[in-house]
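Peer 1: Got a sequence here, can you model it:
(one chain, ligands or ions: 1)
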Amino acid sequence: MRAYRFQLRCRPSGERVLGRYAGMARQVWNRALSEQRARHARGEKYASYVDMAKWLTAWRNAPETSWLAECPIHTQQQVLKRLDETYKRFFEKRGGFPKFKKFGDEPGLRFPDPKQFELDQVNSRIRLPKLGWLRLRQSQPVAGELRNITVRREGTKWFASIQTRTTDVVQALDVPPTLGIDVGLTLFAARSDAGKIDPLEALKKQRRKLKHAQRAVSRKVKGSSNRKKAIVRLGNIHRRIARQRSDWLHKLTTQLANRHAVIAVEDLNIKNMTASAKGTAEAPGKNVAAKAGLNRGILDAAWGEFARQLTYKLEWRGGRVILVNPAYTSQECRLCHHVSAENRRVQEIFQCVACGHTENADVHAAKNILAAGYAVWERQRTASVLSTDACPRQGNHLRVGGVVRRPERASAGVAASVKQEPTEATVLV
Ligand SMILES: [Zn+2]
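Peer 2: Numbering: from 1, shown residues only. This next block holds a predicted model:
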C-alpha cells in the first residue's frame, strides 16, 4: 500500500459542499457516540457497527435529520467504522475513550470504493460521488491500483489522501551498505561520502514567526475574539512548518534512496537514550545545551521521520536501512581504532590522539557508521548462509570505506553493535 497526499484546488462553492459534508460526518460521529453513551448509562451493551449502520439509515430517513442524506452514505458509514475501531481500541486498553468532535476536528471523508471515484492524472483532478470533479495540486504521478480516497480539512485547506496498492514484487537486494549517515545538531546529517546535509533554512525563519505568533497569543485576553484569531494564525504557521519539513524530507530521502540500495543509519532510539542534557554523551560541549534547546524537539521529530521515510523508500526499491548502535561512532578513530573522548576536544573536528588522523567530526562519524553497518550486514549474511547449510565464501580482507580490515578484528564501534543479536528491532529487513 502506498499513500499520496495532494492539496485540493477547490472553488469556494466546492469548499462549501466539502465543509457541509465534513459537518455531517461530525454529526454522525457525535450522534452515534451519544447514543452509545446513553445505552451504556441504561446498562445496555455496546452496539456493534452493524447496529450503528442501521441507526444511520434511520437518521437519513427521519424528517428532522433527513439533511444527512445529502452526503454519500459510504463516507458516513466509514465514520461509524472509525468510531467502532476507536471503541474497540478502548475496550482492549490500547486507546482512550472516543471524544466528541468539534468544528475543525472532523473525521475525514473517506470514499472506500474505487468504483465510485475516478482519478484523471492528465488533468490532475479527481471525481468524487456527488461532488463531481475536484482539481488537485498533483506534485507527483500516482502509481498502482486505486484503493480509497480520504478528503480532510487542515486549517483552511483541503487535502486528498489517495491510497494505492502495487502488486510488483521487489527483489530484496543482498548488497552491503554503500552510505553511512550520522545525524547531528549543527548539521542535520553528515554522509560518509563527505556530503553534508544542512537543516532546512526556511525552518529558521518560520521559527521566528512561530515565536512571534506564540507571544501574540499569550498577550491577548483569554476568551477574546482577538485571541481566537491569534490562535488560528499560530495554527497556520505550525501547519506550514510541518508541510515544509515534510516536503524537504521527502525530497532528501527520495534522492538518497535513488542512489543507494542499502544505507546504514544510527539507531536513534539508542542515541536519544544516551543523549544527556549537556548535549550528547559523546560530544559534551559548552553551548550545546543552549544551541540544542530550541531545536531539539523539532530535530528529534525530523530525524524520526527521516529514518521512517528512508526505510520505506529503500524497501520499495528492494533495499533496506541497517540500523547500527551509535556507541563510540564519534569517539573512535576509524584508522587506528583508538577510542577516546579526547579525540573530540573541539566539537567540529575529530583529531585522533594516537595516530593524529584529523577529519571533520560528523563525516568521520558517518564513515564509522558505514563500517558498523557493513559489519552488521556481513554477520547477517554469514548467519543466513550457515542456516541454509551452504559453504560460505570466506574473504580474508574486506574493503570498507577505503580501509582494508580483517573481518575478525572488529573495531569498538562495530564490536558494540556486534554484541547485539540481529533482532527485528535492530535491523529492519
Ligand atoms: Zn587514530
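Peer 1: low pLDDT regions in the stretch 201-350 of the chain?
Peer 2: 201-202, 269-301 (pLDDT under 70).
Peer 1: all helices for it, in order.
Peer 2: 201-219, 225-259, 268-274, 288-316 (DSSP state H, counting those that start in this stretch).
Peer 1: which stretch among those comes nearest the ion?
Peer 2: The stretch from those with the least distance to the ion (Cβ to the ion) is helix 268-274; that distance is 22.6 Å. Where you see a C-beta, it was placed from the backbone N, CA and C, and this is true even at glycine.
Peer 1: Which one of the helices of the stretch 201-350 of the chain lies nearest to residue 83?
Peer 2: In terms of Cβ to Cβ, the element of the helices of the stretch 201-350 of the chain nearest to residue 83 is helix 225-259, at 25.2 Å.
Peer 1: Identify each buried residue in the closest one, please.
Peer 2: 227, 230, 234-235, 237, 241, 245, 248-249, 252-253, 256-257 (16 or more other Cβ atoms under 10 Å).
Peer 1: Tell me which residue of the chain is furthest from the middle?
Peer 2: residue 63 (45.1 Å; Cα atoms, centre = their mean).
Peer 1: Let me have the buried residues of helix 225-259 in JSON lines, adding distance to residue 321 as columns.
Peer 2: Putting those into JSON lines (distance: Cβ to Cβ, whole Å) gives the following:
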{"residue": "227", "distance to residue 321": "44"}
{"residue": "230", "distance to residue 321": "41"}
{"residue": "234", "distance to residue 321": "35"}
{"residue": "235", "distance to residue 321": "33"}
{"residue": "237", "distance to residue 321": "32"}
{"residue": "241", "distance to residue 321": "26"}
{"residue": "245", "distance to residue 321": "20"}
{"residue": "248", "distance to residue 321": "19"}
{"residue": "249", "distance to residue 321": "14"}
{"residue": "252", "distance to residue 321": "14"}
{"residue": "253", "distance to residue 321": "10"}
{"residue": "256", "distance to residue 321": "10"}
{"residue": "257", "distance to residue 321": "10"}
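Peer 1: now, which of those lie close to the ion?
Peer 2: Contacts with the ion within the buried residues of helix 225-259, counted by Cβ under 5 Å from the ion: none were found.
Peer 1: between those, which is closest to residue 213?
Peer 2: residue 234 (4.3 Å).
Peer 1: so what's that closest one up against?
Peer 2: Shown in contact with residue 234 (Cβ atoms under 8 Å, 6 or more residues apart in numbering): 210, 213, 214, 216, 217.
Peer 1: The same query, at a cut-off of 10 Å, please.
Peer 2: Contact analysis of residue 234 by Cβ atoms under 10 Å, 6 or more residues apart in numbering lists 209, 210, 212, 213, 214, 215, 216, 217.
Peer 1: Sort out which of the residues you listed are buried, if you could.
Peer 2: For the contacts of residue 234, a burial check counting by 16+ other Cβ under 10 Å picks out 210, 213, 216, 217.
Peer 1: Dump the contacts of residue 234 to JSON lines, plus distance to the ion.
Peer 2: JSON lines is the format used below for the contacts of residue 234 (distance: Cβ to the ion, whole Å):
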{"residue": "209", "distance to the ion": "46"}
{"residue": "210", "distance to the ion": "43"}
{"residue": "212", "distance to the ion": "48"}
{"residue": "213", "distance to the ion": "49"}
{"residue": "214", "distance to the ion": "47"}
{"residue": "215", "distance to the ion": "49"}
{"residue": "216", "distance to the ion": "53"}
{"residue": "217", "distance to the ion": "53"}
